[in-house]
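Engineer: please find the sequence and the predicted model below.
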Amino acid sequence: MNFTSLFFVAAFFPVFILIYYVLQGNRIRNIWLLAASLVFYAFSGINCLFLIVIMAAFAWMTGRMIQAALDKADSESPDHQVGDEEFMSPAAQDAYEKNHRSAKIWLTVGGLVLAAVLMVFKYSNFLLTKFDIASYGGIREGILRLGMPLGISFYTFKLISYISDVYMRRVKAGGFFDVMLYTVIFHQVTQGPIVRYDVMVSQFKDRSLSYATISDGVWRFSIGLAKKAFLADHCGKLAELFLPLSGSGEYSVFGAYMGSLCYMLQIYLDFSAYSDMALGLGQMIGLKYPENFDYPYAADSVRDFWRRWHISLSSFFRDYVYIPLGGSRVGFFRLILNLSVVWFLTGIWHGASLNFILWGMYHFFFIVVENAFRKYGQKTGIKAEKNIITAVFLHLYTLIIVYFGWILFRITDFPKLLEVLRVMLGRSGKALYSTSEILTLRGNIYFIILALTVCTPVWKELAVKISERLNHSFRKEVHEMKNLVKESSLYEQEVTRDQVLMEKFAENSSDILKEVRKQDTENHERMIARFENRLRKRKNERTRIEFVYYSVRFVLMLIFLFISVLSMVGASYTPFLYNQF
């Protein structure tokens, strides 16, 4: 079962959300969320369910052992601070270091076991095939029968981050229930995002629901569903039409470029669609997840691209690999070594094939080049002038690098990869274009333009402007309400002052004071009427804008859902690309 399956959209999630809203209290809702998540994941296979439960239990136990060792070290040296070791007694220092060594051993064992499980299920088939060990006692057949558990790359990294955060004292070791729910929550279990334990556990205990968050969640989910079922899947079909990788399909130079472009669109729309749906599902039950994609094709460097692409994965490698290795606060050659480790692991994580390693090292090369230019600029004081020409150049440079990177990512067969690259460079003798490719482009040109715009922030900026118009109407209404309150306050002050004057000069000027008070009252009533009239206009204006805004959003949401369901019914189900990871 997946988010874009009809069973999930029409049966599983409606039943889950209805029962969730009926239940009261976060504790009972968490129990229902855990039960539903276990059922959701069980659709991938009972053996996969057993594996994820065992791994979560192992991570929970490891976290408790790390926490126990750290607590013991603290109890034996309650006043200890970093740097105090040289002032401690030998016995206290030995006890402190022994407990910390114990915590580090548990962290190392836990990380290695979790990584080993991932390696066995993800890479064993590749290694057995590569080194031709398939005949040894049916090893390969046994592993193939088990299959690769859905989402194992994601929840393994979540568990590694959990035990690492316990060791680094970012969080306290959690209870079994919280760790299990954190691992199997169905919004994230198959394809992320890789959210940290502290972000999740605080919301397990304290979260709230409102009509606004539920509405925003449904809206976000419908956008993600349409991006996947309507845009990403069709881009995938166009990529295969223009540049077929299976069989002996013919293609031209134009077809190779267009097929690669469609795949570039597909991979972003597919990956970001899942994140949109995950964030929307979370919002519908009061959970807030960090954004995972920030329009990476708008980046102006490869480094900037990776700050925007799969943000939770990039931050995982930054916090648990790059920084522990020394990060950027090292010499240039050590920095290169640190980056090479990170990008080698990034490539390995994405798939059990050499092309993924090549893809990772390809990005590593350009990031090293950018770092070298940046360091040279800092050393010499040379700074690139920021203008429209520089911005366009840097943006085009990034798009070209990323574009060819996706070719390495897509094609797992090296002879086929070399063939495609030769065709794109015009070194193969293939035709420049074919009639069928031109007709396919003409029939899909508006679709491709739409897909291109969705990959840019243009629609988001339009939505922000419309939302800002609504917020502006709210602010104007609040301003008029403040004016009304201010006028009432000023009138009360005038009345008080007039009363004091009347008491003081009652005998001599009573008629004059009464006339002044009468005029103040009339002026106040005129001002109140004016402010009430302006407030009424502001309210009517805000109501109209609010009605149009939410009506349009509701209609678009229905259109997105309708198109998505039609796409799912009218074509065979296309799984998410990240399912392979």
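Structural biologist: Noted; the coordinates are in hand.
Engineer: mind listing what's buried in stretch 302-317?
Structural biologist: Buried residues in stretch 302-317, counted by 16 or more other C-beta atoms under 10 Å: 302, 304-306, 308-317. In this view, the C-beta of every residue, glycine as well, is placed from N, C-alpha and C.
Engineer: identify those among those that sit within helices.
Structural biologist: Taking DSSP state H as the definition of helices, the buried residues of stretch 302-317 contribute 302, 304-306, 308, 311-317.
Engineer: not counting its neighbours along the chain, what's nearest Asp304?
Structural biologist: Thr398 (7.1 Å; C-beta to C-beta, 6 or more residues apart in numbering).
Engineer: ok, Gly347 next?
Structural biologist: Nearest to Gly347 is Gly360, by C-beta to C-beta, 6+ apart, at 2.4 Å.
Engineer: so Trp306 makes contact with Phe366?
Structural biologist: No. Trp306 is not in contact with Phe366 according to C-beta atoms under 8 Å; the separation is 10.3 Å.
Engineer: contacting residues for Val117?
Structural biologist: Residues in contact with Val117 (C-beta atoms under 8 Å, 6 or more residues apart in numbering) are 51, 55, 152, 156.
Engineer: what strand or helix carries the first one?
Structural biologist: It stands for Leu51. helix 46-76 (DSSP states H and E).
Engineer: counting contacts, what elements does that helix pack onto?
Structural biologist: Contacts defined by 3 or more C-beta pairs under 8 Å, 6 or more residues apart in numbering; DSSP states H and E place helix 46-76 against helix 26-42, helix 90-130, helix 152-167, helix 176-184.
Engineer: quick one: mean pLDDT over the longest one.
Structural biologist: Which is helix 90-130. Mean pLDDT, helix 90-130: 83.
Engineer: on that earlier part again, and the helix or strand where the residue nearest to Asp304 lies, which residues are buried?
Structural biologist: Per DSSP H and E, Thr398 falls inside helix 388-410. Residues of helix 388-410 classed as buried by neighbour count (16+ other C-beta under 10 Å): 394-395, 398-399, 401-402, 405-410.
Engineer: how far away is the spatially closest residue to Ala431 that is not a sequence neighbour from Ile407?
Structural biologist: Excluding its sequence neighbours, the residue lying closest to Ala431 (C-beta to C-beta, 6+ apart) is Ser252, at 4.5 Å. Ser252 sits 16 Å away from Ile407, going by C-beta to C-beta, to the nearest Å.
Engineer: neighbours around the residue nearest to Gly347, how many?
Structural biologist: Look at Gly360: counted by other C-beta atoms under 10 Å, it has 23 neighbours.
Engineer: make JSON lines out of the buried residues of helix 388-410 and add distance to Met148 and pLDDT.
Structural biologist: Output for the buried residues of helix 388-410, formatted as JSON lines (distance: C-beta to C-beta, whole Å; pLDDT from 0 to 100):
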{"residue": "Leu394", "distance to Met148": "39", "pLDDT": "93"}
{"residue": "His395", "distance to Met148": "37", "pLDDT": "94"}
{"residue": "Thr398", "distance to Met148": "32", "pLDDT": "95"}
{"residue": "Leu399", "distance to Met148": "32", "pLDDT": "96"}
{"residue": "Ile401", "distance to Met148": "30", "pLDDT": "96"}
{"residue": "Val402", "distance to Met148": "27", "pLDDT": "96"}
{"residue": "Gly405", "distance to Met148": "24", "pLDDT": "95"}
{"residue": "Trp406", "distance to Met148": "23", "pLDDT": "96"}
{"residue": "Ile407", "distance to Met148": "24", "pLDDT": "95"}
{"residue": "Leu408", "distance to Met148": "22", "pLDDT": "94"}
{"residue": "Phe409", "distance to Met148": "18", "pLDDT": "94"}
{"residue": "Arg410", "distance to Met148": "19", "pLDDT": "93"}
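Engineer: tell me the one of these nearest Lys486?
Structural biologist: His395 (49.5 Å; C-beta to C-beta).
Engineer: show me the contacts for that closest one.
Structural biologist: 298-300.
Engineer: most neighbours among those, which one is it?
Structural biologist: Busiest of the contacts of His395 [other C-beta under 10 Å] is Ala299, holding 21 neighbours.
Engineer: what helices or strands is the strand or helix carrying Leu18 leaning on?
Structural biologist: Per DSSP H and E, Leu18 falls inside helix 13-22. Applying 3+ C-beta pairs under 8 Å, 6+ apart, we find helix 13-22 packed against helix 26-42.
Engineer: geometric centre of the protein: which residue is closest?
Structural biologist: Asn292 (1.8 Å; C-alpha atoms, centre = their mean).
Engineer: OK, contacts around it?
Structural biologist: Contacts of Asn292 (C-beta under 8 Å, 6+ apart): 192-193, 272, 275, 278-279, 310-312.
Engineer: with Ala103 instead?
Structural biologist: Ala103 neighbours (C-beta under 8 Å, 6+ apart): 65-66, 69-70, 73, 167.
Engineer: closest to Lys227 out of the residues you listed?
Structural biologist: Tyr167 (38.0 Å).
Engineer: since that was my last question, I'll sign off now.
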